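> I'd like to go over a predicted model; first the sequence, then the structure.
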Amino acid sequence: QVQLVESGGGLVQAGGSLRLSCVASGRTFSTTAMGWFRQTPGKKRQFVATIRWSDGNTYYADSVKGRFTISRDNAKNTVYLQMNSLKTEDTTVYYCAAGQYSDNEREYYFWGQGTQVTVSS
């Protein structure tokens, strides 16, 4: 099992920044990547970004490319999502996930509890 704990969500004005953190514990060696997804109630979960533990390779959804940056600290088993130039449409719950390097949520086996991000106009 892998446990994931997110933090860093909150309220910010449009154009502002937030940094999300996700600390992983447990059998993290069973996974090769960490990802961030987001989901608004009643809508499909949406891929945001992913990063591979071994080499730091990253991949982003087009909607966040150039604004969000995913990074990792292997020594701390922590992944970050730096979100800049936030838009009101970025408002939703963000989830950290551990699994395989992919933009498909089915490739992720472990999920955090989610952290709310609200961007005001």
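Now that the structure is in, tell me what you want to look at.

> Any idea which residue is closest to the centre of this protein?
Centroid-nearest residue in the chain, with Cα atoms, centre = their mean: residue 36, separated by 2.3 Å.

> Now do the contacts for the spatially closest residue to it that is not a sequence neighbour.
Here the nearest residue to residue 36 in space, its sequence neighbours aside, is residue 48; by Cβ to Cβ, 6 or more residues apart in numbering that works out to 4.2 Å. For glycine as for every other residue, the C-beta is placed from the backbone atoms N, C-alpha and C. Applying Cβ atoms under 8 Å, 6 or more residues apart in numbering, we find residue 48 in contact with 35, 36, 37, 38, 60, 61, 64, 68, 81, 94.

> and if we set it to 10 Å?
By Cβ atoms under 10 Å, 6 or more residues apart in numbering, the contact set of residue 48 is 20, 35-38, 60-61, 63-64, 68, 70, 81, 83, 90, 92, 94-96, 103.

> Residue 100 too?
For residue 100, the contact set (Cβ under 10 Å, 6+ apart) comprises 31, 32, 33, 35, 50, 52, 106, 107, 108, 109.

> so how far is residue 8 from the residue lying closest to it once chain neighbours are set aside?
Counting by Cβ to Cβ, 6+ apart, residue 107 is the residue found nearest to residue 100 once chain neighbours are left out, at 4.3 Å. Between residue 107 and residue 8 the computed distance is 24 Å (Cβ to Cβ, to the nearest Å).

> And the strands in this protein, which stretches?
Using DSSP state E, the strands of the chain run over 2-7, 10-13, 18-26, 33-39, 46-52, 58-60, 68-73, 78-83, 92-99, 108-111, 115-120.

> Strand 92-99 and the fifth one, what's the angle between them?
Inter-element angle recorded for strand 46-52 and strand 92-99: 40 degrees (by axes from the mean of the first three to the mean of the last three Cα atoms, to 10 degrees).

> Strand 46-52 pairs with which strands, parallel or anti?
strand 33-39 (antiparallel), strand 58-60 (antiparallel) (DSSP bridges).
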